[in-house]
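Enquirer: Test case, fold it:
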Amino acid sequence: MARMDHARLHPSRGRRLCGPGTVLAAMALALLVAVAIFFAHTLLADTLPDHAVQLLDRLLLILMIVEILYSVQVSFQRARARTGAVS
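Expert: You can find the predicted model right below:
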């Protein structure tokens, strides 16, 4: 028996879940650019020791967003493996 292509039967199924991941990835990238700019600004202004905690706080937020993205990806892969869905 041939396997059915679920993406063809339900074309919006894959797109429905990619929205939040895209938003989180865009947020992480935007924050990374903002941190790089802020780091360069504080380094050139010689105020890095005064703003070190703010930089570390922003970097930690980026790492948390990336960890959430990874956790969601792994959980979807496990769910797909359990149900036997074809990607």
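
Enquirer: Tell me which residues of the helix or strand A52 falls within come out buried.
Expert: Using DSSP states H and E, A52 sits within helix 48-83. Under the neighbour-count criterion of 16 or more other CB atoms under 10 Å, helix 48-83 has 51, 58, 62, 65, 69 buried. Yep, even glycine has a C-beta here, placed from its N, CA and C like the rest.

Enquirer: Once you drop chain neighbours, what's closest to the second one?
Expert: When you say that, I think you mean R58. Leaving aside its chain neighbours, R58 sits nearest to V35 (4.8 Å; criterion: CB to CB, 6 or more residues apart in numbering).

Enquirer: Same check on the fourth one?
Expert: Once flanking residues are discounted, I65 sits nearest to A28: 4.4 Å by CB to CB, 6+ apart.

Enquirer: name the helices or strands packed onto the host helix or strand of that neighbour?
Expert: Taking DSSP H and E as the criterion, A28 maps to helix 12-44. Applying 3 or more CB pairs under 8 Å, 6 or more residues apart in numbering; DSSP states H and E, we find helix 12-44 packed against helix 6-9, helix 48-83.

Enquirer: related to what we said a few turns ago, how deep is the residue nearest to I65 tucked in, by neighbour count?
Expert: Residues lying near A28 (other CB atoms under 10 Å) number 18.

Enquirer: For it, which residues are in contact?
Expert: For A28, the contact set (CB atoms under 8 Å, 6 or more residues apart in numbering) comprises 62, 65-66, 69.
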